[in-house]
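Participant: Any chance you can model this:
(2 chains)
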Amino acid sequence: MNFDWLRAPPIGRTAPQEILLPVKARYIALTLLSALVLDLFALPPLLQQIRPDFIALTLIYWVVYHPRRVGFLPAWLLGLLMDVADGSLFGQHALAYAVLMYLAILLHRRIVMFGMRHQIVHVLLILVASQLIMLGVRLMAGADFPGALYFVPGFLGAGMWPLLFNVIRVPLRPRSDPDAV
Amino acid sequence: MEYSPPPFFKRGPSLLTRFTFFSILSVVLLVADARFNYLVVLRQGIAGVVYPLQRLSSVPSAVATRIGEFFVTQSQLQRDNDQLRRQELLDTAALQVGKSLESENQHLRQLLGLRERLPRDFIAAEILYSNRDPFTRRVVVDRGFQHGVKAGQAVVDEAGVVGQVTRVFPWVSEVTLVTDKEQAIPIQSVRSGLRGVTFGIGYDGTLELRFMPVNADIQNGDLLVTSGIDGTYPPGLPVAVVSNIERNAAYAFARITCTPAASVTSFGQVLIVSTADRLPENPVTDEEPGPKAKRAKK
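Facilitator: Prediction:
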């Protein structure tokens, strides 16, 4: 088996630079749908509580690397879908994803300049900000703080950023090796 | 007059504009849902879209469970079988007594001219998964309004009350567990007959019996059953067992913690109980505006 496609994340101060194939809208939709399925499938309660939000991560990826391809509307609609699937308040995820999109678009020029380690910090910031929005909404609606475990998905999600970065890029890498003659 | 040149690149409204638009839209939805409970239809519509995806995404775990079930050992089956046989024997004995009591009860009720208690309908359901929302204690069961489930029905398992149906979708419905912060159940103590209301605590799997005076007749180990005065829960179902009592004279009420009787953390079979009993209408009191009412206000 060849695991070249899952190459180690480039770690360092410089931005990972690759020439990739052009992205089709269909591929973006497919990644978001896969993220939705990953977010939905049933797990034991404890694992469920710490599962990172793959939709948020995928949205951040597309907004950072292709800011003109994914707009607010699909993100917002995905948020509504997550609200129904989660049984949370209607509009809670939608609001969180709107904040996430805003921060990601605001920071995208900055993020691509950094290496993987610093990108993780930025992603962590965005994910935790969107979680804080949801927490604030629910506290205002009368819920209790669910405990420190609530923030684990944000940290786990940021930790999975290099993996997601490489997995999303697999079909985008040119097939032929440019160095081969 | 000043004219700005047409934009070089067509980029649509600015980032801040778009952000503000979608945020305000979300907040409007939030308020409509949390405050006024609108959007039930919209939620059900979206649930129809999400449902196939949820089914699709639950395939791997279902397959894993199937494979696990296939490798159940012979000895375990034997053990379960023995245990079930013993249980059945006990249950049969209890059932015999129950049947004779029931007929006797019916007879007595007829003699007394009391209203007969209507038998309730049950819908058997299975818990699919617990809700992802970390702020609430809810589970999703595999029966929806296509099967006749209605919001507000009580959900019980073999040990006692599990919770109440709060949202109904076409093929699934959402059950708020007794341990949820917003779930209240009217109860009665079996030993002393004292009535009260239990509330879920939310962050851990316990209940609280609130508004009981410090000298209330409640002891550790008291079984609390539904009193049935709400018309939702059938009377006499176990809800919780009192596990801890703090009586502090500095407060008006005792702090009573209870553990739920039903297994609210495990997944399994549950029964959804229809609310067949019709309670009489609330009595309407005519408030006559007059000096009497004014005096009472003072």
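Participant: what's the next secondary structure element after the lowest-mean-pLDDT helix or strand in chain A?
Facilitator: Lowest by mean pLDDT, DSSP states H and E among the helices and strands of chain A is helix A:45-50, with a mean of 83. Sequence-wise, the next helix or strand downstream of helix A:45-50 (DSSP states H and E) is helix A:54-65.
Participant: in that following helix, what's buried?
Facilitator: Residues of helix A:54-65 classed as buried: A:54-65 (neighbour count, 16 or more other C-beta atoms under 10 Å in any protein chain shown). From N, CA and C alone the C-beta is placed, and that goes for glycine too.
Participant: a strand runs through B:V140, doesn't it?
Facilitator: Yes. Per DSSP: H, G, I helix; E, B strand; the rest coil, B:V140 lies within a strand segment.
Participant: need the contact list for A:I168.
Facilitator: A:31, A:58, A:61 (C-beta atoms under 8 Å, 6 or more residues apart in numbering or on different chains).
Participant: can you point me to the longest helix in the chain?
Facilitator: Reading this off chain A. helix A:116-140 (DSSP state H).
Participant: nope, chain B
Facilitator: Max-length helix for chain B by DSSP H is helix B:74-112.
Participant: For that one, what does the pLDDT average out to?
Facilitator: Averaged over helix B:74-112, pLDDT sits at 87.
Participant: In it, which of the residues would be classed as buried?
Facilitator: Buried, per 16+ other C-beta under 10 Å, within helix B:74-112: nothing.
Participant: Follow the chain on from it and name the next helix or strand.
Facilitator: strand B:122-130.
Participant: Would you tell me whether that next one gets close to chain A?
Facilitator: Yes. Legend: contact between strand B:122-130 and chain A by C-beta under 8 Å from any C-beta of the partner chain is shown at B:128-130.
Participant: May I see those residues organised as JSON lines, with neighbour count added?
Facilitator: Listed next are these as JSON lines, based on neighbours: other C-beta atoms under 10 Å in any protein chain shown:
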{"residue": "B:L128", "neighbour count": "17"}
{"residue": "B:Y129", "neighbour count": "21"}
{"residue": "B:S130", "neighbour count": "22"}
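Participant: what's the neighbour count on B:S227?
Facilitator: 20 (other C-beta atoms under 10 Å in any protein chain shown).
Participant: which residue sits closest to it, ignoring its sequence neighbours?
Facilitator: B:Q188 (4.0 Å; C-beta to C-beta, 6 or more residues apart in numbering or on different chains).
Participant: Name the residues of the strand or helix carrying that neighbour that are buried.
Facilitator: Element membership of B:Q188, judged by DSSP H and E, is strand B:184-189. Neighbour counts over strand B:184-189 (16+ other C-beta under 10 Å) mark B:184-189 as buried.
Participant: Can you tell me which of those residues is closest to chain A?
Facilitator: The nearest member of the buried residues of strand B:184-189 to chain A, counting by C-beta to the nearest C-beta, is B:A184 at 14.0 Å.
Participant: residues touching B:R138, list them.
Facilitator: Per C-beta under 8 Å, 6+ apart, neighbours of B:R138: A:87, B:130-131, B:163, B:166, B:174-177, B:180.
Participant: Count the residues that sit near residue 170.
Facilitator: You didn't say which chain, so I picked chain A. 11.
Participant: that's the wrong chain, I meant chain B
Facilitator: 14.
Participant: Quick check, it in contact with B:Q146.
Facilitator: Yes. B:P170 lies in contact with B:Q146 (C-beta atoms under 8 Å); the separation is 5.4 Å.
Participant: which residue sits closest to B:I245, ignoring its sequence neighbours?
Facilitator: Nearest one to B:I245, counting by C-beta to C-beta, 6+ apart, is B:I256 at 5.2 Å.
Participant: what bits of the chain have low per-residue confidence?
Facilitator: Since no chain was named, I'll use chain A. For chain A, residues meeting the criterion pLDDT under 70 lie at A:1-17, A:176-181.
Participant: To clarify, I was referring to chain B.
Facilitator: For chain B, residues meeting the criterion pLDDT under 70 lie at B:1-7, B:113-120, B:276-282, B:286-298.
Participant: Which stretches in it count as strands?
Facilitator: Remark: strands assigned in chain B by DSSP state E are B:122-130, B:138-141, B:154-156, B:161-168, B:173-177, B:184-189, B:195-200, B:207-210, B:223-226, B:238-246, B:255-260, B:269-273.
Participant: Touching the shortest one from outside, list them.
Facilitator: By that I understand strand B:154-156. Residues from elsewhere that reach strand B:154-156 (C-beta under 8 Å, 6+ apart): B:125, B:141, B:161-165, B:175, B:232-234, B:237, B:262, B:270-273, B:275.
Participant: Pull up the pairing partners for that strand, direction included.
Facilitator: Note on strand B:154-156: by DSSP bridges, its sheet partners are strand B:161-168 (antiparallel), strand B:269-273 (antiparallel).
Participant: Could you point out which of the ones you listed sits nearest B:L89?
Facilitator: Closest to B:L89 of the strands paired with strand B:154-156, according to C-beta to C-beta: strand B:269-273, at 21.2 Å.
Participant: in that closest one, what counts as buried?
Facilitator: So strand B:269-273, judged by 16+ other C-beta under 10 Å, has buried residues B:270-273.
Participant: do stretch B:217-227 as well
Facilitator: Quick answer for stretch B:217-227 (16+ other C-beta under 10 Å): B:218, B:222-227.
Participant: any idea which of those is closest to B:S61?
Facilitator: Out of those, the member with the shortest distance to B:S61 (by C-beta to C-beta) is B:T226, at 33.7 Å.
Participant: A:P44: neighbour count?
Facilitator: 11.
Participant: now it: how far from chain B?
Facilitator: 9 Å (C-beta to the nearest C-beta, to the nearest Å).
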